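Novice: Fold the stuff below for me.
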Amino acid sequence: MSRVYSLAYLTSHRCTPPEVLRVAAVKGYAYVGLRLWPNAPGAPQQQLLGLPDVLRETVAVQRDTGVGVFDMEIIRIGEQFDPHTWDALYDAGAALKAKAILVAGDDTDEARLTANYARLCEVMRPYGMTADLEFMPWTAVPDARTALRVVTHAGKPDNAGILVDALHFGRSHTTLDDIRAIPRDLLHYAQICDAEAGTHFTTEQMIHTARCERMLPGDGTIDVQGLFRVLPADLPVSVEIVNFAHEAKASADEWAAICMAASRKIVERSDG
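Specialist: Residues are numbered from 1 along each chain as shown. Predicted coordinates:
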């Protein structure tokens, strides 16, 4: 079965939205991921919200290349959560025909987090996108079991989802059986990369790896092949590999090609 690949923001963070679509088209990606909202105040992002000229250019490049936008980043559910904070992101997603928005859970009050996740799904429903809750070991949703519990207790809205990132699988208390337990209708895409596996890292070390020093699939010790063997064989693969040291030796399009080749090798072995 032929897999569909998406060029994630962290792999292409040097590119503007129109640029990443052009790179993806040349390097064989069917989709891209965009970070139009920073993951922390003042953190890096791609500039598009509030810039109608950039949005028009991005839509035009989509039309010219046939490359779609799969997911957008990022919504964080904290204690003081208002789903309408991100109205501009929803509007952009609708204009770009995006499929999903990546969601992080930061509220340690799980009942409130669950209620707010349900509210988010309700607000996003008219825009035609799923709200994909990503488990990350340093957040209030540290593993796959917690993500499934939150989504289930939220009533499993029809646009709910759980995002599996190979890095967080390998660095959390998440097993392959936990991945198998996620219902198929909650899985919309999965992110691939590699790193040193283990649960002994500090929060600072985990965040550093996630944002600066991921490895190509097959170069680390995470069971990436086993993970993708367990995930559905038709699940789209988001190639999310940021490594500042390695990227310094390659252009943005060269890095996209390197990451695609390494990812495809592991995924095709898993599918075989």
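
Novice: quick one, phi/psi of residue 84?
Specialist: phi -80, psi -10 (degrees, to the nearest 10).

Novice: is it true that it touches residue 124?
Specialist: No: counting by CB atoms under 8 Å, residue 124 is not a contact partner of residue 84; they are 10.9 Å apart. Where you see a C-beta, it was placed from the backbone N, CA and C, and this is true even at glycine.

Novice: Looking at these two, which is more packed in?
Specialist: Between residue 84 and residue 124, counted using other CB atoms under 10 Å, the more crowded position is residue 124 (24 against 9).

Novice: Distance of that one relative to residue 86?
Specialist: 9 Å (CB to CB, to the nearest Å).

Novice: Rounded mean pLDDT for stretch 3-11, please.
Specialist: Stretch 3-11 shows an average pLDDT of 97 in the prediction.

Novice: list the buried ones in the longest helix along the chain?
Specialist: For the chain, the longest helix by residue count, based on DSSP state H, is helix 252-271. Residues of helix 252-271 classed as buried by neighbour count (16 or more other CB atoms under 10 Å): 252-253, 255-260, 262-264, 266-267, 270.

Novice: Likewise for stretch 76-86?
Specialist: Neighbour-count burial for stretch 76-86 [16+ other CB under 10 Å]: 76-77, 81, 83, 86.

Novice: Of those, just say which sits nearest to residue 147.
Specialist: In terms of CB to CB, no member of the buried residues of stretch 76-86 lies closer to residue 147 than residue 77, at 12.1 Å.

Novice: quick one, phi psi at the closest one?
Specialist: The phi/psi pair for residue 77 (degrees, to the nearest 10) is phi -90, psi 100.

Novice: ok, residue 268 - contacts?
Specialist: Neighbour list for residue 268: residue 3 [criterion: CB atoms under 8 Å, 6 or more residues apart in numbering].

Novice: ok, now residue 109?
Specialist: residue 79.

Novice: Can you give me the distance of it to residue 30?
Specialist: In terms of CB to CB, residue 109 sits 39 Å off from residue 30.

Novice: go on, residue 135?
Specialist: From residue 135 to residue 30 the distance is 25 Å (CB to CB).

Novice: Looking at those two, which is more packed in?
Specialist: Neighbour tally, residue 135 and residue 30, criterion other CB under 10 Å: the higher count belongs to residue 135, 26 against 16.

Novice: Look up the pLDDT of the spatially closest residue to the more buried one that is not a sequence neighbour for me, please.
Specialist: Counting by CB to CB, 6 or more residues apart in numbering, residue 135 lies nearest to residue 147, which is 4.3 Å off, once chain neighbours are set aside. Per-residue confidence (pLDDT) for residue 147: 98.

Novice: secondary structure class for residue 147?
Specialist: helix (DSSP: H, G, I helix; E, B strand; the rest coil).

Novice: next one: residue 131
Specialist: Going by three-state DSSP: residue 131 is strand.

Novice: residues near it, how many?
Specialist: By other CB under 10 Å, the residues close to residue 131 number 26.

Novice: same question, the one 10 residues further on
Specialist: Applying other CB under 10 Å, we find 29 other residues in the vicinity of residue 141.

Novice: Which residue is the nearest non-sequential neighbour of it?
Specialist: Per CB to CB, 6+ apart, closest to residue 141 is residue 105, 3.7 Å.

Novice: and what of residue 214?
Specialist: residue 193 (4.2 Å).

Novice: Residue 53: which element?
Specialist: helix 52-65 (DSSP states H and E).

Novice: Mind listing what's buried along that helix?
Specialist: 54-55, 57-59, 61-62, 65.

Novice: which helices and strands sit right next to that helix?
Specialist: helix 17-27, helix 87-96 (3 or more CB pairs under 8 Å, 6 or more residues apart in numbering; DSSP states H and E).

Novice: Which stretches in the stretch 51-200 of the chain count as helices?
Specialist: Taking DSSP state H, counting those that start in this stretch, the helices of the stretch 51-200 of the chain run over residues 52-65, 87-96, 110-124, 144-153, 166-170, 176-180.
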